[in-house]
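Enquirer: got a predicted structure here, sequence first:
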Amino acid sequence: EIGMGLTGFGVFFLFFGMILFFDKALLAIGNVLFVAGLSFVIGLERTFRFFFQKHKMKATGFFLGGVLIVLIGWPLIGMILEIYGFFLLFRGFFPVVVGFIRRVPVLGYVLNLPGISSLVDKVGESNNMV
């Protein structure tokens, strides 16, 4: 429960920091809370094993490097690196998320619209499982 709360607050602070023109203090708090919450949810050892797998080192470098750059004080560059690393790290989860969202009544209808459906299909067909 604590981990989900920390992760939720981390995502909130990251979103709020981006809305407020990349406020570095909010982004730094959001990054710390997100990583701490992830550690609480799945445990320290599993978090370490997830981030430092041999085939995920590039993604981990971008993600954690982006966090470090945000903490140093360059929020826009740090968030760009962090978002790229996030997509590389969690791309194995995207098919599951897309499948779940397609079952939600209103969101599923939106995802099945002609222009959006092909884009969502490309995101959802990742073969790289975690």
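Expert: Here it is on my side, so go on.

Enquirer: remind me which residues of this protein are low pLDDT?
Expert: Along the chain, the model assigns pLDDT under 70 to residues 124, 126-130.

Enquirer: outline the domain layout of it.
Expert: 1-91, 93-129 (the TED database).

Enquirer: okay if I get those domains as a markdown table plus mean neighbour count?
Expert: In short, each C-beta sits where N, CA and C put it, glycine included. Formatted as a markdown table, the domains of the chain follow (neighbours: other C-beta atoms under 10 Å):
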| stretch | mean neighbour count |
| --- | --- |
| domain 1-91 | 16 |
| domain 93-129 | 12 |
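
Enquirer: okay, and the residue nearest the centre of the chain sits in which element?
Expert: By C-alpha atoms, centre = their mean, the chain has its centre lying nearest to residue 86, at 4.6 Å. Per DSSP states H and E: residue 86 is located in helix 75-90.
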